[in-house]
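A.B. asks: Sequence and computational prediction follow.
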Amino acid sequence: MPRRRSEEELLDDAWHALEEAEYEVAVELGEQVLLRSPDDADARHVVGAALLELGDAAGAVPHLERASAAIPEDGEILADLGGAYFESLRFKDGRDALKRALGLDKKLARAHHWLGLLEERDKNDRVARNHFAEATRLAADAYPPAFRVTEAEFLSLVESAIGDLPEDFRRSLSNLDIVVEPIPDDDTLAGDPPLSPAILGLHVGTPADERPPSGAAGQLPNVIFLFQRNIERASRDHEHLVEEIRITLLHEIGHYLGLDEDEVEERGLE
C-alpha cells in the first residue's frame, strides 16, 4: 500500500507544479491539503495562484482572501490577490491590495505589472510605464517589454493582415466592422463572468449562422475589436506583433462564423 504523503510534501509538489505551469496539478494537490486542513494559508495561496493562471479569477479570489487574512504581511499573497481582483474587474480592491503588496516588498515584479495595468486603465501612462519597466527589470523573462508601435502603424499592420487572410475569411468581412482600440473599456468587459481586461480581441454581435436575413429590422452590426496595447504586450518584436494580429483576427472571425472555442482551436485559429 503506497505511503500517504504528508501535507508538506503535497504543498512542495503543488508549488513545483505551479512553477512548471502545471496549473491543474497544482490545484489538485493544494485541494488535497485543504481537505485535511481547510485553514492552511499556504494551500489556499497555491490553489488561488493556480486558478488565477487558469483564468478562473472568481475562483481564485476567495482562496487568496483567506490566505491573506491568515498572513496579512505576505506581499506575494497580496500581489496575487490584487491580480485576481483586477481580472474580476474589482479595480479599486486590486489597487489597494497591490499597493499594500509593494509596501511590504518593492521587488514584487507581478505587483508592478498588475499595478501598471491599473494605471494604464486610468490613463496614467507615465506611472504605468514606470511600473511596467520595473516589472521587466525585476523579471524580464516573465514580463518582457511590450513591442510598441504608433496607432497608424498598428492600423497598417491590421490592413495587411486582412489582406493576407484566407479567401473564405475575407469574403465573410463584408458584414463585419473591425475596430482598433487601446484597451477594452469597462462596459465591454462587463458580464457574468466578466471578460479579462487583458483580452487581445473580441467579437461583438450575432454569429453569421444565426443572423436574420440582411435588412431585417433590429439587426445590429457585427464588430471585431482589436486591443492594441494588449496585443503589443503579448509581442516581443515586429514579427511577433504581426503574428499576434493575424492570429487574433482569425480567432475572432472564427467566432463571427459561429465556431465555438473548441472548433476555433480545431481549425488552427488559436
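C.D. replies: Thanks, I have the structure now. Residues are numbered from 1 along each chain as shown.
A.B. asks: Low-confidence bits of the stretch 1-150 of the chain, can you list those?
C.D. replies: For the stretch 1-150 of the chain, the stretches flagged by pLDDT under 70 are 1-3.
A.B. asks: Which segments of the chain make up each domain?
C.D. replies: 7-138, 151-266 (automatic domain parsing).
A.B. asks: Now those in CSV, please, with extra columns for mean neighbour count and distance to Pro144.
C.D. replies: Where C-beta positions appear, they are placed from N, C-alpha and C, glycine not excepted. Formatted as CSV, the domains of the chain follow (neighbours: other CB atoms under 10 Å; distance: least, CB to CB, whole Å):
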stretch, mean neighbour count, distance to Pro144
domain 7-138, 20, 6
domain 151-266, 15, 6
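A.B. asks: Now tabulate the ones you listed in JSON lines and tack on distance to Pro145.
C.D. replies: As requested, the domains of the chain are exported to JSON lines (distance: least, CB to CB, whole Å):
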{"stretch": "domain 7-138", "distance to Pro145": "5"}
{"stretch": "domain 151-266", "distance to Pro145": "8"}
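A.B. asks: now the strands for the stretch 51-200 of the chain?
C.D. replies: Secondary structure of the stretch 51-200 of the chain by DSSP state E, counting those that start in this stretch: the strands cover 176-181.
A.B. asks: Quick test: name the residue nearest the centre of the protein.
C.D. replies: Geometric centre of the chain, nearest residue: Ala198, 4.3 Å, by CA atoms, centre = their mean.
A.B. asks: correct me, but it touches Glu120?
C.D. replies: No. Using CB atoms under 8 Å, Ala198 is not in contact with Glu120; the gap is 10.8 Å.
A.B. asks: where's the closest residue to His63 other than its chain neighbours, which helix or strand?
C.D. replies: Leaving aside its sequence neighbours, His63 sits nearest to Gly48 (CB to CB, 6 or more residues apart in numbering; 3.4 Å). Assessed by DSSP states H and E, Gly48 sits inside helix 41-53.
A.B. asks: and that helix, what other elements does it pack with?
C.D. replies: Helix 41-53 sits against helix 7-19, helix 23-36, helix 57-70, helix 75-87, with contacts defined as 3 or more CB pairs under 8 Å, 6 or more residues apart in numbering; DSSP states H and E.
A.B. asks: that older thread, torsion angles phi and psi at the residue nearest to the centre of the chain?
C.D. replies: Ala198 adopts backbone torsions of phi -90, psi 10, taken as degrees, to the nearest 10.
A.B. asks: just Val223 next, same as before
C.D. replies: Note on Val223: its backbone torsions stand at phi -130, psi 140 [degrees, to the nearest 10].
A.B. asks: again with the one 4 residues further on
C.D. replies: Recorded main-chain torsions at Phe227 are phi -100, psi 100, according to degrees, to the nearest 10.
A.B. asks: And His203, by the same measure?
C.D. replies: Torsion angles, degrees, to the nearest 10, at His203: phi -100, psi 130.
A.B. asks: What separation do you get for it and Leu81?
C.D. replies: 31 Å (CB to CB, to the nearest Å).
A.B. asks: Report the contact partners of the residue nearest to His63.
C.D. replies: Ala60, Val61, Pro62, His63, Leu64, Ala67, Asp80, Leu81, Ala84 (CB atoms under 8 Å, 6 or more residues apart in numbering).
A.B. asks: Can I get the residues you listed in CSV including distance to Asp93?
C.D. replies: Putting these into CSV (distance: CB to CB, whole Å) gives the following:
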residue, distance to Asp93
Ala60, 13
Val61, 9
Pro62, 13
His63, 15
Leu64, 11
Ala67, 15
Asp80, 13
Leu81, 8
Ala84, 9
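A.B. asks: nearest to Glu20, of the residues you listed?
C.D. replies: Taking CB to CB as the measure, Glu20 lies nearest Asp80 of those, at 17.4 Å.
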